[in-house]
Every structure is written in C-alpha cells, then in structure tokens.
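Participant: How does the following fold in three dimensions:
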Amino acid sequence: MMCLAERFALVCLQSIRDEQEREGLVKSLRDTGHEVIPLTYEQIRSFAGNALEVCNPEGNRFLIVSKKGFLSLTEEQKMIIEQYNEIVPIPLDTIETNGGGSARCMISDIRLPRK
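Facilitator: Below is the predicted model:
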C-alpha cells in the first residue's frame with residue numbers, strides 16, 4: 001500500500017478507511033518533508049507501491065519498480081517521482097504472478113551473512 005522514499009511517498013490513501021488516520025498519515029509525511037503521491041487500488045494491484053528507493057555510492061537515488069507497476073503510474077506521477085529519483089522499471093512478471101511479491105520484496109528481503 002505504500003513506498004516510502006527519502007523525499008516522497010507513494011501511498012494508497014483509499015486503503016486507509018479511518019479519515020483521521022488517513023489525515024494523520026498525510027500530515028506526518030508532509031511534516032517530515034515528503035511529497036505524497038496518491039496511488040489507486042488498481043496501481044497497488046499492479047505493484048506500484050512495492051517499489052524501493054536505492055542509492056549508489058555517488059549519492060544518486062533510484063526508484064526500483066516492476067515494469068507492471070511502472071506502467072500503472074500516470075505521466076503526472078512519473079514526473080513527480082523523476083524530480084527526486086531516476087525510475088528503473090524491471091520486468092518481474094513471473095515473480096509477481098507466481099510469488100506474490102515484487103521489487104521491494106526481492107531486494108529488501110535479502111539477508112546476507114554479517115562480515
């Protein structure tokens with residue numbers, strides 16, 4: 001339902017039924033300097049909220065998202081995101097169809113042994 005990046009948040013506000021909780025979340029995000037980019041239920045079903053912001057050693061930020069999630073975003077949403085991050089869409093059809101997860105699950109669930 002949500003992707004939290006350093007300067008923006010993709011969030012399905014419709015999924016928060018309690019109006020006070022929804023308004024509280026939006027206020028908290030804005031108070032911490034995040035631009036709120038609302039997602040629809042259809043975009044959530046297309047894994048647009050299952051994205052992950054990553055940063056390279058040079059400090060450049062990228063939004064890793066599945067191709068299906070990327071294609072579900074509107075041009076306006078893409079333009080807003082691109083103010084902060086380069087968007088990197090990756091074809092993950094097999095995993096999204098059979099595994100139930102997407103980009104964020106694949107990346108953030110990797111647990112390497114401590115060195």
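
Participant: the helices in this protein, which residues?
Facilitator: 19-31, 41-45, 67-72, 75-82, 93-98, 103-108 (DSSP state H).

Participant: And these: which comes nearest L4?
Facilitator: helix 19-31 (8.1 Å; Cβ to Cβ). C-beta: built from backbone N, CA, C; applies to glycine.

Participant: Residues touching the closest one, excluding its own?
Facilitator: Outside of helix 19-31, the residues within contact range by Cβ atoms under 8 Å, 6 or more residues apart in numbering are A9, V11, L13, I16, V36.

Participant: And the pLDDT for L112?
Facilitator: Listed pLDDT for L112 reads 65.

Participant: Could you do the one 3 residues further on as well?
Facilitator: Reading off the confidence values, K115 has pLDDT 72.

Participant: and the gap between it and M106?
Facilitator: 22 Å (Cβ to Cβ, to the nearest Å).

Participant: which of these two has more neighbours?
Facilitator: Set K115 next to M106 and count neighbours by other Cβ atoms under 10 Å: M106 wins out with 17 against 3.

Participant: For the nearest residue to the more buried one once chain neighbours are set aside, give me its contacts.
Facilitator: Leaving aside its chain neighbours, M106 sits nearest to I95 (6.7 Å; criterion: Cβ to Cβ, 6 or more residues apart in numbering). Residues in contact with I95 (Cβ under 8 Å, 6+ apart) are G101, S102, M106.

Participant: Have a look at the residues you listed and tell me the least confident one.
Facilitator: Among those, M106 has the weakest pLDDT, 74.

Participant: thought that residue was touching S66?
Facilitator: No: the pair M106 / S66 is not scored as a contact, 9.3 Å apart, by Cβ atoms under 8 Å.

Participant: Spit out the residues that contact these two alike.
Facilitator: In contact with both M106 and S66: L92, using Cβ under 8 Å, 6+ apart.

Participant: what's the burial count for L63?
Facilitator: By the criterion of other Cβ under 10 Å, L63 has 24 neighbours.

Participant: and the gap between the closest residue to it other than its chain neighbours and G99?
Facilitator: With sequence-adjacent residues excluded and distances taken as Cβ to Cβ, 6+ apart, L63 is closest to N85, at 4.3 Å. From N85 across to G99, the span is 25 Å (Cβ to Cβ).
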